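> Sharing a model that was predicted from the sequence below.
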Amino acid sequence: MTVMGNRTKYHQQTFGLLTGFLRPFLTGYLALSAIRLLSMRKELILSPSLFLYLLTDKRNFNLGLFLGGFGGTFKVVNCLLRWCIGKDLPIYAIPAALLGGLWMKFFSSSTLSLYLFWKLLEFVYLSGIEAGTLPYVKGFQPLLLSASTALLIHASAVEPHNLKPSYWRFLQQITNNK
(Lines give C-alpha, C1' and ligand atoms only; values in the text may rest on other atoms or scores of the structure.)
Protein backbone atom coordinates (compact mmCIF):
# COMPACT_ATOMS: atom_id res chain seq x y z
CA MET A 1 0.00 0.00 0.00
CA THR A 2 2.83 2.43 0.75
CA VAL A 3 4.48 1.75 -2.61
CA MET A 4 1.23 2.64 -4.35
CA GLY A 5 0.80 5.69 -2.09
CA ASN A 6 4.35 6.88 -2.84
CA ARG A 7 3.84 6.32 -6.56
CA THR A 8 0.62 8.36 -6.49
CA LYS A 9 2.33 11.14 -4.52
CA TYR A 10 5.23 11.10 -7.02
CA HIS A 11 2.82 11.38 -9.97
CA GLN A 12 0.97 14.24 -8.27
CA GLN A 13 4.22 16.11 -7.66
CA THR A 14 5.38 15.52 -11.25
CA PHE A 15 2.02 16.71 -12.56
CA GLY A 16 2.23 19.77 -10.30
CA LEU A 17 5.71 20.61 -11.59
CA LEU A 18 4.62 20.17 -15.21
CA THR A 19 1.58 22.38 -14.75
CA GLY A 20 3.88 24.91 -13.05
CA PHE A 21 5.55 25.27 -16.44
CA LEU A 22 2.75 24.51 -18.91
CA ARG A 23 -0.01 26.74 -17.54
CA PRO A 24 2.07 29.98 -17.52
CA PHE A 25 3.72 29.01 -20.82
CA LEU A 26 0.38 28.57 -22.56
CA THR A 27 -1.03 31.70 -20.94
CA GLY A 28 1.89 33.83 -22.14
CA TYR A 29 2.04 32.30 -25.60
CA LEU A 30 -1.71 32.43 -26.25
CA ALA A 31 -2.16 35.93 -24.78
CA LEU A 32 0.61 37.49 -26.86
CA SER A 33 -0.49 35.57 -29.97
CA ALA A 34 -4.07 36.78 -29.52
CA ILE A 35 -2.98 40.38 -28.99
CA ARG A 36 -0.79 40.31 -32.08
CA LEU A 37 -3.50 38.63 -34.18
CA LEU A 38 -6.08 41.20 -33.10
CA SER A 39 -3.74 44.12 -33.72
CA MET A 40 -3.02 42.88 -37.26
CA ARG A 41 -6.54 41.80 -38.27
CA LYS A 42 -6.60 44.08 -41.35
CA GLU A 43 -3.29 42.71 -42.59
CA LEU A 44 -4.55 39.17 -41.96
CA ILE A 45 -7.53 39.74 -44.24
CA LEU A 46 -5.23 40.90 -47.04
CA SER A 47 -2.61 38.20 -46.43
CA PRO A 48 -3.94 35.06 -44.66
CA SER A 49 -0.48 33.45 -44.76
CA LEU A 50 0.51 35.97 -42.10
CA PHE A 51 -1.66 34.00 -39.63
CA LEU A 52 0.74 31.05 -39.47
CA TYR A 53 3.73 33.39 -39.26
CA LEU A 54 2.21 35.21 -36.28
CA LEU A 55 1.42 31.97 -34.46
CA THR A 56 4.95 30.63 -34.91
CA ASP A 57 6.77 33.89 -34.21
CA LYS A 58 9.65 33.55 -31.77
CA ARG A 59 8.48 36.48 -29.61
CA ASN A 60 5.26 34.67 -28.70
CA PHE A 61 7.21 31.58 -27.63
CA ASN A 62 9.72 33.71 -25.71
CA LEU A 63 7.03 35.24 -23.50
CA GLY A 64 5.66 31.76 -22.87
CA LEU A 65 9.15 30.44 -22.08
CA PHE A 66 9.77 33.27 -19.64
CA LEU A 67 6.48 32.82 -17.78
CA GLY A 68 6.59 29.02 -17.90
CA GLY A 69 10.27 28.83 -17.00
CA PHE A 70 9.81 31.20 -14.09
CA GLY A 71 6.79 29.31 -12.76
CA GLY A 72 8.34 25.88 -13.34
CA THR A 73 11.69 26.80 -11.81
CA PHE A 74 9.95 28.36 -8.84
CA LYS A 75 8.00 25.14 -8.21
CA VAL A 76 11.03 22.86 -8.74
CA VAL A 77 13.27 24.85 -6.38
CA ASN A 78 10.54 25.02 -3.73
CA CYS A 79 9.95 21.27 -4.06
CA LEU A 80 13.69 20.46 -3.85
CA LEU A 81 14.22 22.65 -0.79
CA ARG A 82 11.14 21.19 0.90
CA TRP A 83 12.41 17.67 0.13
CA CYS A 84 16.03 18.35 1.25
CA ILE A 85 15.22 20.22 4.44
CA GLY A 86 12.06 18.35 5.33
CA LYS A 87 9.73 21.28 5.92
CA ASP A 88 8.07 24.06 3.98
CA LEU A 89 9.30 27.58 4.75
CA PRO A 90 8.26 30.88 3.13
CA ILE A 91 11.93 31.85 2.78
CA TYR A 92 12.28 29.28 -0.01
CA ALA A 93 10.62 31.84 -2.27
CA ILE A 94 13.80 33.94 -2.35
CA PRO A 95 16.17 31.45 -4.05
CA ALA A 96 13.28 30.10 -6.12
CA ALA A 97 12.43 33.56 -7.47
CA LEU A 98 16.09 34.45 -8.06
CA LEU A 99 16.65 31.31 -10.11
CA GLY A 100 13.31 31.73 -11.86
CA GLY A 101 14.31 35.26 -12.81
CA LEU A 102 17.06 33.86 -15.03
CA TRP A 103 14.29 32.94 -17.50
CA MET A 104 13.87 36.64 -18.18
CA LYS A 105 16.62 36.13 -20.75
CA PHE A 106 13.92 34.85 -23.09
CA PHE A 107 11.71 37.93 -22.73
CA SER A 108 13.93 40.80 -21.67
CA SER A 109 11.61 43.76 -21.30
CA SER A 110 12.77 46.83 -19.42
CA THR A 111 9.13 47.75 -18.80
CA LEU A 112 8.43 44.38 -17.21
CA SER A 113 11.68 44.51 -15.23
CA LEU A 114 10.91 47.93 -13.79
CA TYR A 115 7.34 46.96 -12.99
CA LEU A 116 8.47 43.81 -11.18
CA PHE A 117 11.14 45.76 -9.30
CA TRP A 118 8.68 48.35 -7.99
CA LYS A 119 6.09 45.70 -7.14
CA LEU A 120 8.79 43.75 -5.28
CA LEU A 121 9.65 46.81 -3.21
CA GLU A 122 5.99 47.37 -2.43
CA PHE A 123 5.46 43.70 -1.54
CA VAL A 124 8.54 43.53 0.70
CA TYR A 125 7.49 46.69 2.51
CA LEU A 126 3.88 45.57 3.04
CA SER A 127 5.05 42.09 4.12
CA GLY A 128 7.49 43.69 6.56
CA ILE A 129 4.69 45.75 8.08
CA GLU A 130 2.49 42.67 8.38
CA ALA A 131 5.29 40.71 10.06
CA GLY A 132 6.07 43.62 12.37
CA THR A 133 9.67 44.00 11.16
CA LEU A 134 9.16 47.31 9.32
CA PRO A 135 7.42 50.41 10.63
CA TYR A 136 4.32 51.77 8.93
CA VAL A 137 5.16 54.97 7.08
CA LYS A 138 2.16 57.07 6.15
CA GLY A 139 2.17 57.78 2.42
CA PHE A 140 4.78 55.16 1.50
CA GLN A 141 2.91 53.90 -1.56
CA PRO A 142 2.60 57.39 -3.13
CA LEU A 143 6.27 57.90 -2.26
CA LEU A 144 7.12 54.69 -4.11
CA LEU A 145 5.13 55.89 -7.15
CA SER A 146 6.95 59.23 -6.95
CA ALA A 147 10.32 57.45 -6.87
CA SER A 148 9.47 55.39 -9.95
CA THR A 149 8.29 58.53 -11.77
CA ALA A 150 11.46 60.34 -10.69
CA LEU A 151 13.48 57.53 -12.26
CA LEU A 152 11.66 58.13 -15.55
CA ILE A 153 12.25 61.89 -15.35
CA HIS A 154 15.93 61.28 -14.64
CA ALA A 155 16.17 58.94 -17.64
CA SER A 156 14.45 61.52 -19.85
CA ALA A 157 17.01 64.16 -18.85
CA VAL A 158 20.16 62.03 -18.89
CA GLU A 159 19.41 59.54 -21.68
CA PRO A 160 16.38 60.73 -23.68
CA HIS A 161 17.33 58.46 -26.60
CA ASN A 162 16.73 55.42 -24.37
CA LEU A 163 13.28 56.51 -23.20
CA LYS A 164 10.30 54.76 -24.76
CA PRO A 165 7.83 57.02 -26.55
CA SER A 166 5.02 55.86 -24.24
CA TYR A 167 7.08 56.89 -21.21
CA TRP A 168 7.76 60.28 -22.82
CA ARG A 169 4.03 60.82 -23.41
CA PHE A 170 3.34 59.86 -19.79
CA LEU A 171 5.90 62.39 -18.53
CA GLN A 172 4.49 65.10 -20.78
CA GLN A 173 1.00 64.35 -19.52
CA ILE A 174 1.87 64.55 -15.81
CA THR A 175 3.95 67.73 -16.24
CA ASN A 176 1.47 69.54 -18.55
CA ASN A 177 3.98 69.43 -21.46
CA LYS A 178 6.77 71.20 -19.56
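Yep, that arrived.

> Point out where this protein drops to low pLDDT.
Residue ranges of the chain with pLDDT under 70: 1-11, 178.

> show me where it has helices.
2-39, 41-46, 50-55, 58-85, 93-100, 110-131, 140-158, 165-174 (DSSP state H).

> Would you mind finding the most buried of these?
Highest mean neighbour count among these (mean count of other Cβ atoms under 10 Å): helix 58-85, with a mean of 18. All C-beta atoms are positioned from the backbone trio N, CA, C, and that covers glycine.

> Domains in the protein, by residue range?
With domains defined by the TED database, the chain comprises 3-106, 137-177.

> Now that we have these, can you turn them into JSON lines and tack on distance to residue 125?
Below are those laid out as JSON lines (distance: least, Cβ to Cβ, whole Å):
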{"stretch": "domain 3-106", "distance to residue 125": "16"}
{"stretch": "domain 137-177", "distance to residue 125": "6"}
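
> Quick one: closest of those to residue 129.
domain 137-177 (8.8 Å; Cβ to Cβ).

> Quick one: end-to-end distance for that closest one.
32 Å (Cα to Cα, to the nearest Å).

> starting at the chain centroid, how far to it?
Distance of domain 137-177 from the chain centroid (Cα atoms, centre = their mean, to the nearest Å) equals 21 Å.

> just stretch 100-110 next, same as before
8 Å.

> separation between the residue nearest to residue 18 when sequence neighbours are not counted and residue 21?
When the adjacent residues along the chain are set aside, residue 18 lies closest to residue 72, with 8.0 Å between them (Cβ to Cβ, 6 or more residues apart in numbering). Remark: distance between residue 72 and residue 21 (Cβ to Cβ, to the nearest Å) = 3 Å.

> Residue 145 now?
Distance from residue 145 to residue 21, by Cβ to Cβ: 33 Å.

> same question, residue 136
The gap separating residue 136 from residue 21 is 38 Å, by Cβ to Cβ.
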